[in-house]
Structures are given as structure tokens and as C-alpha cells.
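Peer 1: Quick one: sequence and predicted model below, then my questions.
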Amino acid sequence: MKITYYGHSCLGIEINDIHIIVDPFISGNPKAASIDVDSLKADYIMLTHAHYDHVLDVERIIKRTNATIISNHEIVTYYGNKDFKGHGMNHGGSWKFDFGTVKAVSAIHSSSFSDGTYGGNPMGFIIQANGKTVYLAGDTALTMDMKLIPMFHKLDLAILPVGGNFTMDIEEAVVAAAFIECDNIMGVHFDSFEMIEIDHEKSKQIFKNKNKTLNLLGIGEHLTV
Ligand code: NI
Ligand code: MN
């Protein structure tokens, strides 16, 4: 799995020749100005919840690519009413897609569209493909539910929000990493707004002190698992 960072919580995941975009928020993020939304490949768009900083570019990308949305039932229904394809899931459920298996897990947050439409329950995803397992937490607080994950999955990478205010912060993300029994963490949901700015070196050191790695990718950079 090749994972490219497009800023905020937006990712490109490439598995074999299949392209997944997670939580597209590029055109509204000045920090991601180097990324051209209209050149990104997408077979699927995975959405953790309906907040604008996770769905802003969904329609723009789908109109060009005809990608399939993977999200909760309410979000898939919302976009279904606009004639967009989708696969609805809910917490605890797994589904085998052509790129691998996705399990929907709980996240402690909220979820509504900018127009006030209810956006279902926020969720995280566990993606298994090519013998690797990645946990994508979505926007979430630290939660005891995370302890359930290593009972079923051995994670190769976890993508956790670290910016605070709207989600857990660095100090709590380290505890989350312990709960999920994963030493390889990629941070998201930081630096996009003043309220979620973090000190990169200090943050990495906090993880290092617990013998864990915090990857803070620059926008456009990628890592592979
Ligand atoms: Ni949110
Ligand atoms: Mn958010």
C-alpha cells in the first residue's frame, strides 16, 4: 500500500492499480495548493464523516472519475440522492472490495453536512490488502474501543489525528498507539488551521520516548507499507 498525504486528513491510497482517496479536502486548504485536485486518480472515495474538512472535494472528484464512495449508510444515501455510487457500512461491519477488506470501526466525534443534513455516525476504517493492515482512525477522541482492534488485527500502520481541539492531541495519540498495539503511526489533522498547529520535533520526540515512530509527512509526500 502506497499512502500519499494531501494535507489535513486527505490521503491517496494506492493498492495494486486501484486508487482510493480518503476525506478529500484540498481546494479549501491553502496549505495543499501544490496538489491538483483535478489530476488525482480515484476508483473509491472513503469518507470517515460528513464534516466539510473531509468531504469538500467529493463531488468535484466524482464528477470526473465516477468513483464509488465507501462510508456510513447516511453519507452514502446523501450522495446517492445526487446519483453518486456508494457502498454503505456501519460500525463492526466488514466488506471485501476488489482492493482488499475494509472494516468500519467506531470513532468518537460528530458528523453533519454543511447544509445541516445528518451525516450518520463518524467512523474509522481498518484496511487489509496485500498482507498489510492499516488503521485509519478518522476524526476521533481517544477511546477504549481502540483496545478491541489488536484483538482482531495486527496493524502495520495507524493513521491518527494528532492536532487537538477537534480530535485527540499528541499526548493522547501516544496512548492510542499503545491501545492499538502499533508502533508505526502517521499523524493527520494538524497544522491546517491555527487551532490545530503542533510542534513537529516535540511531537516526534514524545512518540520516540515510547519507542514509537510518528511520521509527519509533507504535503505530496508518501510512505509505503
Ligand atoms: Ni470532523
Ligand atoms: Mn475534521
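Peer 2: In hand now; what should we look at? Numbers count the residues shown, from 1 in each chain. Ligands and ions are numbered 1, 2, ... in the order given.

Peer 1: Spell out which parts of this structure neighbour ligand 2.
Peer 2: Asp53, Asp139 (Cβ under 5 Å from the ion). All C-beta spots, glycine's among them, are computed from the backbone N, C-alpha and C.

Peer 1: so where's the chain uncertain?
Peer 2: Counting by pLDDT under 70, the chain shows no low-confidence range.

Peer 1: Quick one: the strands in it, in order.
Peer 2: 2-5, 11-15, 18-22, 44-46, 68-72, 86-89, 94-96, 101-106, 123-129, 132-136, 157-161, 184-188, 213-215, 222-224 (DSSP state E).

Peer 1: Save those as TSV, and put in distance to Ile62 and mean neighbour count too.
Peer 2: Shown next, in TSV, are the strands of the chain (distance: least, Cβ to Cβ, whole Å; neighbours: other Cβ atoms under 10 Å):
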stretch	distance to Ile62	mean neighbour count
strand 2-5	19	20
strand 11-15	15	21
strand 18-22	10	23
strand 44-46	7	25
strand 68-72	7	24
strand 86-89	10	19
strand 94-96	20	11
strand 101-106	18	20
strand 123-129	19	23
strand 132-136	20	23
strand 157-161	22	26
strand 184-188	22	23
strand 213-215	29	17
strand 222-224	23	13
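
Peer 1: What residues does the protein have near ligand 1?
Peer 2: Counting by Cβ under 5 Å from the ion, the chain sits next to ligand 1 at His51, Asp139.

Peer 1: residue contacts, Ser110?
Peer 2: Contacts of Ser110 were listed using Cβ atoms under 8 Å, 6 or more residues apart in numbering, and they are His49, His51, Pro122.

Peer 1: between these, which has the most around it?
Peer 2: When neighbours are counted by other Cβ atoms under 10 Å, His49 leads these with 28 neighbours.

Peer 1: re the thing from before, now, which of the contacts of Ser110 sits nearest ligand 2?
Peer 2: His51 (5.0 Å; Cβ to the ion).

Peer 1: Enumerate every residue touching Asp53.
Peer 2: His8, Ser9, Asp23, Phe25, Gly28, Asn29, Ser192.

Peer 1: No more questions from me, cheers.
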